[in-house]
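S.K.: Please find the sequence and the predicted model below.
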Amino acid sequence: MANSQESKSLDLIEQLRKHNVIDLTIVPNPDSLIYFNDGESVPVTFFPDKFIGRNVLFNQNFEPCLSRMICHLVNQLGLTNLSLFDVGANIGIFSRQIKNQLGDRLVTINAFEPSPDNFSLLEVNLGFIPGVVLHEYGLSDEDATIELNMDSMNTGNYSFLKSAVTEEEFGGVQQAEVRNGCDVIREISKNLPGPYIYKSDTQGFDQFIACTFDLSFWDKVSIAVFELWRLPSPKQYDVEKFKKILSSFDNLRFVGKSNAFISVEDVIEYLSHTDYAHDDLIAWNNQR
């Protein structure tokens, strides 16, 4: 039955795309993780792709287990007055799910998205929430305009690495802005005492971006998620600095193997391959 429903949902998405449907808007159910009421129910707008769009349309969420895992840790640690850094925010579904679950305990969201198309929907889906600051650029080691490779089937798989998008799914490039991550994060975080939640989903750039920040930033991060891709990349990350970042956390787990704690060396070994595998690494401290 599940396979039949999945096939039907994919067929519908394909039909929408054939009819040149650019985007869709729904009003989520009150029990949905993306539901908000701002005097009236706030709609969600999304692209009809086969991943994020299909899940929002049929399930009214996207990767709910990850957001629930983070919020469970927040509750377990008793964290309040939180700030979220959402790097690679896409159209805002992750941040919206976190805010839905944490409410007033999440005070500030800084969301970064370099794709102009995605950013236009990010404004719609998050811009109405108090404490949200939207940044229409990605983070790197310099200020520049560079090519963002687009996946024709998955609007969540845009990447500055061409290797992240298969030849069959390649949908062209967009010109996108990036800014020096060290300068940006230093300026934003100087007025935010912490604790922080940090989430990065940048299709192969996560460890590189993390290493551009001052180490003092990570002292304020209680929970971090990095989507780690094993991709060939011309951008080499600072392995020793990434080790220091990971060592600042008490716990490391891959979400795909959530019952097994891992070491810093396990993570570095995982990243030493280029077989296109990926997994979310979640890191947290027992107490901050």
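M.R.: Good, I have the coordinates. Residues are numbered from 1 along each chain as shown.

S.K.: now the strands for the chain?
M.R.: 24-26, 44-46, 82-87, 106-112, 132-135, 138-140, 144-151, 170-180, 196-200, 221-229, 251-254, 278-284 (DSSP state E).

S.K.: who are the neighbours in contact with the closest residue to residue 134 other than its chain neighbours?
M.R.: Of all residues not flanking residue 134 in the chain, residue 111 sits nearest, at 5.4 Å (CB to CB, 6 or more residues apart in numbering). All C-beta spots, glycine's among them, are computed from the backbone N, C-alpha and C. Residues near residue 111 by CB atoms under 8 Å, 6 or more residues apart in numbering: 86, 89, 92, 95, 122, 126, 132-135.

S.K.: can you pull up the bridge partners for residue 111?
M.R.: residue 86, residue 134 (DSSP bridges).

S.K.: mind checking pLDDT for it?
M.R.: Looking at residue 111, its pLDDT reads 98.

S.K.: Repeat that for the one 4 residues further on.
M.R.: With respect to pLDDT, residue 115 has a value of 97.

S.K.: swap in residue 184?
M.R.: 98.

S.K.: Does it touch residue 140 like I think?
M.R.: No - counting by CB atoms under 8 Å, residue 184 stays clear of residue 140, with 9.8 Å between them.

S.K.: of the two, who's got more company?
M.R.: Using other CB atoms under 10 Å as the criterion, residue 184 and residue 140 rank with residue 140 on top: 23 against 20.

S.K.: For the more buried one, give its distance to residue 169.
M.R.: Distance of residue 140 to residue 169, given as CB to CB, to the nearest Å: 24 Å.

S.K.: And for residue 69?
M.R.: Going from residue 69 to residue 169 by CB to CB gives 28 Å.

S.K.: Those two: which has the busier surroundings?
M.R.: Taking neighbours as other CB under 10 Å, residue 69 and residue 169 compare with residue 69 leading, 19 against 13.

S.K.: Identify the residues contacting that one.
M.R.: 255, 258, 282.

S.K.: Just among these, which is most surrounded?
M.R.: Of all the contacts of residue 69, the highest neighbour tally under other CB under 10 Å goes to residue 282, namely 21 neighbours.

S.K.: Show me the beta-bridge partners of that one.
M.R.: Bridge pairing for residue 282 - DSSP bridges - gives residue 225, residue 253.

S.K.: Can you tell me how far it is from residue 140?
M.R.: Taking CB to CB, one finds residue 282 at 24 Å from residue 140.

S.K.: try residue 273
M.R.: 23 Å.

S.K.: which non-adjacent residue is nearest residue 264?
M.R.: residue 246 (4.6 Å).

S.K.: count of residues packed around that neighbour?
M.R.: Neighbours around residue 246, by other CB under 10 Å: 23.

S.K.: just checking, it touches residue 266?
M.R.: No - using CB under 8 Å, residue 246 is not in contact with residue 266; the gap is 9.8 Å.

S.K.: which phi and psi does the residue lying closest to residue 32 once chain neighbours are set aside have?
M.R.: Once flanking residues are discounted, residue 32 sits nearest to residue 60: 3.9 Å by CB to CB, 6+ apart. When read as degrees, to the nearest 10, the backbone of residue 60 gives phi 60, psi 40.

S.K.: May I have the residues that are in contact with residue 60?
M.R.: Contacts of residue 60 (CB under 8 Å, 6+ apart): 26, 28-29, 32-35.

S.K.: Which stretches in the stretch 151-288 of the chain count as helices?
M.R.: Residue ranges of the helices in the stretch 151-288 of the chain, as given by DSSP state H, counting those that start in this stretch, are 181-189, 206-210, 215-218, 239-247, 264-271.

S.K.: Tell me which of these sits nearest to residue 11.
M.R.: Comparison of those against residue 11 by CB to CB identifies helix 206-210 as nearest, at 33.4 Å.

S.K.: Could I get the buried residue list for the closest one?
M.R.: Residues of helix 206-210 classed as buried: 206-210 (neighbour count, 16 or more other CB atoms under 10 Å).

S.K.: ok, so what distance separates residue 117 from residue 169?
M.R.: Applying CB to CB, the value for residue 117 to residue 169 is 16 Å.

S.K.: Closest to the centroid, which residue in this structure?
M.R.: residue 201 (3.9 Å; CA atoms, centre = their mean).
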